[in-house]
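A.B. asks: A predicted structure for the sequence below; I have some questions about it.
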Amino acid sequence: MVSLKEFVAEAKAFFTRRFRVIAEINRKYAKPRIKMTRMVRWSLLLLRLYLIILLLILAYKFILILQTM
């Protein structure tokens, strides 16, 4: 049987290793390796804004559904 202290230590070690891997990947791809034109940057910005608007609409719809219950 594993004690709670051992379980917590193992869980902490597991998540520490996972976050270290994620941080390493983020460092590797932090700077883009290709040059983006101004049009590409604008397109990506518009896509981000579109995604945010869709998420806001989804959240609004969810709140409306919760209020009608």
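C.D. replies: Nice, thanks for sending it over. Residues are numbered from 1 along each chain as shown.
A.B. asks: Name the SS class of S43, please.
C.D. replies: Using DSSP: H, G, I helix; E, B strand; the rest coil, the structure places S43 in helix.
A.B. asks: Mind pulling the model confidence for it?
C.D. replies: Looking at S43, its pLDDT reads 97.
A.B. asks: tell me the domain ranges of the chain?
C.D. replies: Residue ranges for the domains of the chain, per automatic domain parsing: 1-31, 38-69.
A.B. asks: In the first one, which residues are buried?
C.D. replies: Think domain 1-31. For domain 1-31, a neighbour-count test (16 or more other C-beta atoms under 10 Å) marks nothing as buried. Placement of C-beta: from N, CA and C, glycine included.
A.B. asks: tell me the mean pLDDT over that domain?
C.D. replies: The predicted model gives domain 1-31 an average pLDDT of 89.
A.B. asks: chain center to it: distance?
C.D. replies: Put simply, domain 1-31 sits 17 Å off its chain's centre (C-alpha atoms, centre = their mean, to the nearest Å).
A.B. asks: quick thing: my sequence starts at 775, can you match it?
C.D. replies: Right, with 775 as the first residue, what we last looked at is domain 775-805.
A.B. asks: what's the distance between L838 and I827?
C.D. replies: Separation of L838 from I827 (C-beta to C-beta, to the nearest Å) stands at 16 Å.
A.B. asks: same question but for I799, I mixed them up
C.D. replies: If you go by C-beta to C-beta, the gap between I799 and I827 works out to 29 Å.
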